[in-house]
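>>> model this:
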Amino acid sequence: MTAQNSHIITIDDAQAAVAPTKTSRFQILFERENLTVEIYRPVSTDHQKPHNRDECYVIIEGAGGG
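Below is the predicted model:
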């Protein structure tokens, strides 16, 4: 990958996009072709419904599962 095609998203940058002071708990961080990188900050409970696409979750802080 060349420098012009690279895109670095730090955890701090991602968390700032959905900080408690922001109105949205969801933000698209990067899109390219069939890839979308998003961040979602649920508050206490995650109310998302299943999606019709493949997804990968990375938990930055806290715990996943029920």
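
>>> how near is N34 to V58?
19 Å (Cβ to Cβ, to the nearest Å). C-betas here are computed from N, CA, C, even on glycine.

>>> nope, N52 is what I meant
21 Å.

>>> got it, and E31?
Applying Cβ to Cβ, one obtains 17 Å for the distance of E31 from V58.

>>> repeat for K22
19 Å.

>>> so where's this structure shaky on pLDDT?
Within the chain, the ranges that satisfy pLDDT under 70 run 1-6, 64-66.

>>> center of it - which residue?
Ranked by distance to the mean C-alpha position of the chain (Cα atoms, centre = their mean), the top residue is I39 at 1.6 Å.

>>> give the contact list for the closest residue to that residue other than its chain neighbours.
Excluding the flanking residues, the one nearest I39 by Cβ to Cβ, 6 or more residues apart in numbering is A14, at 4.7 Å. If you count contacts by Cβ atoms under 8 Å, 6 or more residues apart in numbering, A14 has them with Q27, L29, I39, I60.

>>> TSV please, covering the residues you listed and showing distance to V18.
Formatted as TSV, the contacts of A14 follow (distance: Cβ to Cβ, whole Å):
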residue	distance to V18
Q27	5
L29	10
I39	5
I60	10
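
>>> list buried residues within the residues you listed.
I39 (16 or more other Cβ atoms under 10 Å).

>>> my guess is R25 contacts V18. True?
Yes - contact between R25 and V18 holds when scored by Cβ atoms under 8 Å: they sit 5.5 Å apart.

>>> now do the shared contacts for the two.
Counting by Cβ under 8 Å, 6+ apart, the residues touching both R25 and V18 are Y40, R41.

>>> more neighbours: the two, which one.
Higher neighbour count among R25 and V18: V18, with 19 against 14, using other Cβ atoms under 10 Å.

>>> what's the more buried one sitting at in phi/psi?
When read as degrees, to the nearest 10, the backbone of V18 gives phi -130, psi 30.
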